[in-house]
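In: quick one, fold the following:
(one chain, ligands or ions: 1)
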Amino acid sequence: MTRIAFIGLGNMGTPMAGNLVKAGYTVAGYDLVPANLERAVARGVTAAASAATAADGADAVITMLPAGKDTIAVYEMKDVLAAAAGGAVLVDCSTIDVASARRAHELAALAGRLSLDCPVSGGVAGAEAATLTLMAGGSAEAFEKARPVLEKMSRKLVHCGEPGAGQAAKICNNMILGISMLGVCEGFNLADKLGLSRQALFDVASTSSGQCWAMTSYCPVPGPVPASPANHGYKPGFSAALMLKDLGLAQEAARASGVATPMGAEAAQLYQLFVAAGNSGADFSGIIELLRGKTRPA
Ligand code: NAD
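Out: Numbers count the residues shown, from 1 in each chain. Below is the predicted model of the structure:
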């Protein structure tokens, strides 16, 4: 497998495509926004005039798009699916709703194509460093076919199961993260009022039963974790807007499958408030300020 089409060259897609170029693949890219396409060209991607041109003769067609409707729009373009090489695999790395992911697999199957839903975790920094975690849903055949390419963009690659399983893993993980960040924020806010130092709470909780990634990597107060966004004006990191998107997808899936997720629903509401207060571009850990009764991170 040598030729790759990359459709959607935004904040994530451009560095991911760049890493495929570095790994020796020929990458043809397409984006609706010419300036974004140009940034990818600067990393060695060949500009294509359309999604179908990018897909022409490709062994893998990777999409990295904002939402389910965007993935479906590309998968509904018959010329795109027809243009790829025989035996090509379609890989959607976007974070989208489970229903759209399953629909994308159906469209691929109708065109006789192998397909994976394969959302990513690790943000722009992980995309740059090729250290993303990738979670794939689809057949074992599609997974094995795409594996060599996916490994060039990731540190961890998990085959989660059938079509849609990658998206399911992504939204369950991020719902856990949103809820656990709120718990960590509440703990630090209570510690402040009790006169307990932040460092003391961190030293205890990060090595005992309160330990979690939201605390040890994204600690919402300045001090204990020097690299956390709290030390840098809550610059993301992982933006509140993306957290809200993922919590919304989790709520959609919970409603559709009749599962009670009261903490996830509460987290979605709190992040909605935080974003509505003008914080969509702030790191998601900045929500600690909302819980202190302030509308903006300090
Ligand atoms: P982005 O908005 O920067 O990039 C999306 C790109 O897709 C844009 O350049 C846009 O012009 C292009 N696009 C939209 N429709 C298109 C079409 N029909 N054909 C060609 N190009 C099209 O978004 P991003 O931050 O790169 O995120 C991409 C996906 O990855 C999203 O689903 C997001 O939820 C997910 N994600 C993002 C992060 C992150 O930290 N940014 C982390 C994990 C997952």
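In: enumerate every residue touching residue 12.
Out: Contacts for residue 12 (Cβ atoms under 8 Å, 6 or more residues apart in numbering) come out as 64, 93, 120, 124, 127. C-beta coordinates here come from the backbone N, C-alpha and C atoms, glycine included.
In: in strands, which of those fall?
Out: Among those, the ones falling in strands (DSSP state E) are residue 120.
In: from the contacts of residue 12, which are also near the ligand?
Out: With Cβ under 6 Å from any ligand atom as the criterion, those include 64, 120, 124 near the ligand.
In: mind checking how far the closest residue in space to the second one that isn't next to it in sequence is from the ligand?
Out: For residue 120, the nearest residue in space outside its immediate sequence neighbours is residue 132; the separation is 4.5 Å by Cβ to Cβ, 6 or more residues apart in numbering. When distance is defined by Cβ to the nearest ligand atom, to the nearest Å, residue 132 is 8 Å away from the ligand.
In: taking the contacts of residue 12 one by one, which sit in helices?
Out: 124, 127 (DSSP state H).
In: which among the contacts of residue 12 count as buried?
Out: Neighbour-count burial (16 or more other Cβ atoms under 10 Å) applied to the contacts of residue 12 gives 64, 93, 120, 124, 127.
In: which one among the residues you listed sits at the bottom for pLDDT?
Out: Checked by pLDDT, these have residue 124 as the lowest-scoring entry (88).
In: contact partners for it?
Out: Counting by Cβ under 8 Å, 6+ apart, residue 124 has contacts 11, 12, 15.
In: find the closest residue to the ligand in this protein.
Out: residue 10 (1.8 Å; Cβ to the nearest ligand atom).
In: what about that residue, helix or strand, and which?
Out: Using DSSP states H and E, residue 10 maps to neither a helix nor a strand.
In: touching, it and residue 31? I think so.
Out: Yes: using Cβ atoms under 8 Å, residue 10 is in contact with residue 31, at 7.2 Å.
In: in the helix or strand bottoming out on mean pLDDT in the chain, what counts as buried?
Out: Least confident element among the helices and strands of the chain, by mean pLDDT, DSSP states H and E: helix 123-129 (a mean of 92). Of the residues in helix 123-129, 123, 124, 126, 127, 128 count as buried by neighbour count, 16+ other Cβ under 10 Å.
In: what is the most widely separated pair among the residues you listed?
Out: 123 and 128 (9.2 Å; Cβ to Cβ).
In: what pLDDT does the nearest residue to residue 228 once chain neighbours are set aside get?
Out: Leaving aside its sequence neighbours, residue 228 sits nearest to residue 219 (Cβ to Cβ, 6+ apart; 4.5 Å). If you check residue 219, the pLDDT there is 98.
In: hang on, residue 219 in a strand?
Out: No: counting by DSSP: H, G, I helix; E, B strand; the rest coil, residue 219 is not found in a strand; it is coil.
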